[in-house]
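Asker: What follows is a predicted structure for the sequence shown.
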Amino acid sequence: MTLNGWLQIAVFIALVLLLAKPMGSYMTEVFERRRTFLDRLLVPVERLLYRAARIDATREMRWTEYLGAMLIFSAATLLLTYVIERLQHLLPLNPQHLPAVSPALAWNTAVSFTTNTNWQSYVPESTMSYLTQMLGLATHNFWSAAVGISLAIAFIRGIARREATTLGNFWVDLTRATLWVLVPISAVFALVLVSQGVVDNLRPYDTAQLVEAQKVTAPGPDGKPATTTVTTQTIAQGPVASQEAIKMLGTNGGGFFNTNSAHPFENPTPLSNLLQMLSIFLIPAGLTVTLGQMVRSPRHGWAVLAAMVILWFAGTLTCYWAESQPNPLFHGVDQRASLTQAGGNEEGKDVRFGVANSALFATVTTDASCGAVNSMHDSFMPLGGLVPLTNILLGEIVFGGVGSGLYGMLIFVVLSVFIAGLMVGRTPEYLGKKIEARDVQLAMLYLLIFPVVILTFSAVSVLAPSFGLSVLANHGPHGFSEILYAYSSATGNNGSAFAGSNWNTPWYNSSIGVAMFIGRFLMLIPMLAIAGNLATKKTIPASAGTFPVTTPLFSLLLTAVILIVGALTFFPALSLGPILEHLLLRAGHSF
C-alpha cells in the first residue's frame, strides 16, 4: 500500500460525499413533483407519454398494484430483448453480419439485462450487433435502473406516509426516474467520456496489419494442435460511450467489450476511471439523502449513509491490503512497490490503474450491484477476491444498485430496529411506527430467499461433475469460489464474475437465468409488502425508550447486524472457498 494510493481513495470518497446531498435533494424534488430546472423541457414530454399510454398520472396504486405494474413492464421488455437477439441476423445495424443469438443465451441475456444484472456469458463484440447493443441492451440499462429507483421511492413513501393505502404510481415514478434523472446525466456523462477517448460510432470493425506476424497454436478441426500465422488484427468499435455512461450510472455493469472497463475504448484514462467509479455511487449515495428528506428526518438518511461508508471502507482496506501483498509462490521476484512498479499482486490488472485503483474499483463495483470491472477478480489473491464476493453476499446493500441498494438496506434497518427493541424490552419503533411481527417475518423472508437460491444452485453444480464441474478451468477451493461467485453475482444482480470458466452452457445459462429472476423479482414481494404495511400505520410520538435512528450508535448497530447476518449465513461456504485457498496458498499450493 502506498500514500499515493490512499490519497486517490480519499479523493474518491470525498467526492461521493460532496455529491450525495445535491443529487439526493434533486431526486426529492423530482419524486415529490416540485419544480425543477428541467420541467419546462420535460413536462410536455411526460404528458405526451401518459396520453399515448393512457396512463392516469393522478391515480395512485396499492403495493400489490405497484408490484403488478412493475412485473408487466419487466416481462414486456424482457420479451422485446429476447426477440431482438433471436432476430438480429435479419435486422439492420449489423455490419459484422453476426448470427442470431442461441435460445439459451438469448434467454440468459434478456433476463440479465431486465434484472439489472448484466451477466454476460458471451463475448459482446463478437455476439451482439449494434442494434442489439443499443435497442435491446442499452435501453434496458435505463429501464432496469429506473425500476430500481421507483421501487426505492415507493418504499420511502411507505415509511413516510401515515394511515395510507397507496405507495404512488409506478408508471409516473418510472417515467420521472428515466426522464429527469437517468437520461440527462447519462447524456452529459457520455460526452465527457468521448472527450477522454471512449469511442462512439457505427462503423464496421477495422482490420489492422500487424507489425510482426504471430504464430498461434490451437486445436484444429480434427482436435489436434495446429499452428497458423496471424498477420492482421480486428479492431472492434461501436456505440460505446452512449452505453458506457448508463452502464455505470445505472449500476448495470455490462460491457460493450469482453474486458469491460479494462478495455481502453471503454475506460481510457485515470480520469475516466475516477468518473466511472463516481457514477456508480452517485445515485445510491444520493438516495440516502432523499430518504432523509422524504421521511422528514435528514439525520436518519446520513446515519444510513454512514453505515454504508463504514462497510465500504472495511472492504477497500482489506482488498487493497491483500492485493498489495507479494504472491508467496513467486520466489526471488521483487514484488515491492517502487517508482517503476505498483508492487504486490499485479496479475490481471492494467498498469494504467495499478493495485490501488484496481482494488478500489473491485470494491466499488461489488458494493453496488454494478459488476463492471477494470481488472480480473479471478486473478486477485484469495483474500482480495474474498472482498468482492463478500460484498455481494451481504445483499448488495453497501450503497448497492440504484434503488435496490437502498431498499435492501432498509430491510436491515427494520431488522436492526427490531433487535434494538428486544434489547430494551420495548415494542420496536421506526420513525414513529411500530415494527410488528408481520414486518419482521416479511423482512426475514426477504433475507432468506437470497442465500437459499445461492447455496442451492452452488451445491447442485458442485455435486454434478458432468454439467457443473466440467466447465471449470480451476478446481479445488478456487473452482468452488468461481461457482459460488457466479450464483452470488446472479442472485445479487451484480453481473461480475470470477472468469476462467465457460458459463455459456445450457445448465449455467438456464440456472443463472433463474437465479437472476428470483433475486430481482421474488425478493420484491416481501419488500413491497413491508412498505405497504408501514404506510397503513399510525405514528406515535417518541419517548424516553425510543431507540433513535439518527445517531452514530444506530449506524454501528446497523453495520453489526449486517455483518452478523452475513457471517452466520455464508461463513461456512466462504471457508471452503477463498479462506481455504488462502491457507493452502501460504502452504505452497495453487489451483
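Answerer: Perfect, thanks for sending it. Residues are numbered from 1 along each chain as shown.

Asker: State the helix or strand in which the most centrally placed residue in the chain lies.
Answerer: When Cα atoms, centre = their mean is applied to the chain, the residue found nearest the centroid is Ser369 (1.4 Å). For Ser369, there is no helix or strand it lies in under DSSP states H and E.

Asker: Now do the same contact list for it.
Answerer: Residues near Ser369 by Cβ atoms under 8 Å, 6 or more residues apart in numbering: 116-117, 251, 253, 392, 396, 400-401, 404-405, 492-495. Just so you know, the C-beta spots here come from the backbone N, C-alpha and C atoms, and that holds for glycine as well.

Asker: what do you get for Leu305?
Answerer: Contacts for Leu305 (Cβ under 8 Å, 6+ apart) come out as 17, 20, 285, 288-289.

Asker: Which secondary structure state is assigned to the closest residue to the residue nearest to the centre of the chain other than its chain neighbours?
Answerer: Leaving aside its sequence neighbours, Ser369 sits nearest to Gly401 (Cβ to Cβ, 6 or more residues apart in numbering; 3.3 Å). Following DSSP: H, G, I helix; E, B strand; the rest coil, Gly401 is assigned to coil.

Asker: Neighbours of Gly401, how many?
Answerer: Around Gly401 there are 35 other residues, counting by other Cβ atoms under 10 Å.

Asker: Return the backbone torsion pair for it.
Answerer: Dihedral angles of Gly401 (phi, psi; degrees, to the nearest 10) stand at phi -70, psi 170.

Asker: Show me what the mean pLDDT comes to for the longest strand anywhere in the chain.
Answerer: For the chain, the strand with the greatest residue count under DSSP state E is strand 206-219. The pLDDT scores in strand 206-219 average 89.

Asker: residue at max distance from the center of the protein?
Answerer: In the chain, by Cα atoms, centre = their mean, Asp222 is the one farthest from centre (42.0 Å).

Asker: For it, pull up the helix or strand it's in.
Answerer: Counting by DSSP H and E, Asp222 is part of no helix or strand.

Asker: So what does it have for phi and psi?
Answerer: Per degrees, to the nearest 10, the backbone of Asp222 is at phi -90, psi 0.

Asker: mind listing what it touches?
Answerer: So Asp222 contacts nothing (Cβ under 8 Å, 6+ apart).

Asker: okay, now Ser102: neighbour count?
Answerer: Other residues within reach of Ser102, judged by other Cβ under 10 Å, total 16.

Asker: hang on, I meant Val471
Answerer: 19.

Asker: One more: the one 10 residues further on?
Answerer: Ser481: 28 surrounding residues under other Cβ under 10 Å.

Asker: So which of the contacts of Ser369 are in helices?
Answerer: Those of those mapping onto helices are 392, 404-405, per DSSP state H.

Asker: residue ranges of the helices in the stretch 201-350 of the chain, please?
Answerer: For the stretch 201-350 of the chain, the helices defined by DSSP state H, counting those that start in this stretch cover 240-249, 270-294, 298-323.

Asker: give the contact list for Leu406.
Answerer: Per Cβ under 8 Å, 6+ apart, neighbours of Leu406: 152, 155-156, 284, 287-288, 291, 304, 400.

Asker: Next, count neighbours for Asn345.
Answerer: As a burial measure, Asn345 scores 22 neighbours (other Cβ under 10 Å).

Asker: Can you check the pLDDT for the closest residue to Thr114 other than its chain neighbours?
Answerer: Excluding its sequence neighbours, the residue lying closest to Thr114 (Cβ to Cβ, 6+ apart) is Leu78, at 4.3 Å. On pLDDT, Leu78 comes in at 95.

Asker: quick one: which helix or strand includes Leu78?
Answerer: helix 63-86.

Asker: which of the residues in that helix are buried?
Answerer: By 16 or more other Cβ atoms under 10 Å, the buried positions in helix 63-86 come out as 63, 65-67, 69-70, 73-74, 77-78, 80-82, 84-86.

Asker: List of residues touching stretch 240-248?
Answerer: So stretch 240-248 is contacted by 118, 133-134, 137-138, 141-142, 145, 182, 185-187, 189-191, 193-194, 198-200, 252-257, 265-267, 276, 279-280, 370, 372 (Cβ under 8 Å, 6+ apart).

Asker: can you pull out the strands in the stretch 301-450 of the chain?
Answerer: 429-430, 433-434 (DSSP state E, counting those that start in this stretch).

Asker: Save those as JSON lines, and put in mean neighbour count and distance to Leu463 too.
Answerer: Below are the strands of the stretch 301-450 of the chain laid out as JSON lines (neighbours: other Cβ atoms under 10 Å; distance: least, Cβ to Cβ, whole Å):
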{"stretch": "strand 429-430", "mean neighbour count": "23", "distance to Leu463": "42"}
{"stretch": "strand 433-434", "mean neighbour count": "20", "distance to Leu463": "45"}
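
Asker: how about those strands, which one is nearest Leu447?
Answerer: strand 429-430 (16.6 Å; Cβ to Cβ).

Asker: Rounded mean pLDDT for the closest one, please.
Answerer: Mean pLDDT, computed over strand 429-430, is 91.

Asker: now swap in stretch 554-574 and tell me
Answerer: Rounded mean pLDDT across stretch 554-574 is 95.

Asker: Give me the buried positions along that stretch.
Answerer: Per 16+ other Cβ under 10 Å, stretch 554-574 contains these buried residues: 554-555, 557-559, 561-562, 565-566, 569-570, 573-574.

Asker: Ok, stretch 159-166 next?
Answerer: For stretch 159-166, by 16+ other Cβ under 10 Å, it's 159-161, 164, 166.

Asker: contacting residues around stretch 253-268?
Answerer: Stretch 253-268 is contacted by residues 112-113, 117-120, 123-125, 133, 137, 141, 196-199, 236-240, 243-244, 247, 273, 276, 350, 361, 365, 369-376, 494-496 when judged by Cβ under 8 Å, 6+ apart.

Asker: about what we covered before: among the buried residues of helix 63-86, which one sits closest to Gln96?
Answerer: Closest approach between these and Gln96, by Cβ to Cβ: Glu85, at 15.0 Å.

Asker: ok, that closest one touching Ser102?
Answerer: No: Glu85 is beyond contact range of Ser102, at 9.0 Å (criterion: Cβ atoms under 8 Å).

Asker: sorry, back to before: and the longest strand of the chain, how far from the chain's centre?
Answerer: 36 Å (Cα atoms, centre = their mean, to the nearest Å).

Asker: do stretch 203-222 as well
Answerer: The chain centroid and the centroid of stretch 203-222 are separated by 35 Å under Cα atoms, centre = their mean.

Asker: residues contacting Asp378?
Answerer: Asp378 touches 348, 385, 482, 497-500, counting by Cβ under 8 Å, 6+ apart.

Asker: buried subset of the residues you listed?
Answerer: In the contacts of Asp378, burial by neighbour count holds for 348, 385, 482, 497-499, counting by 16+ other Cβ under 10 Å.
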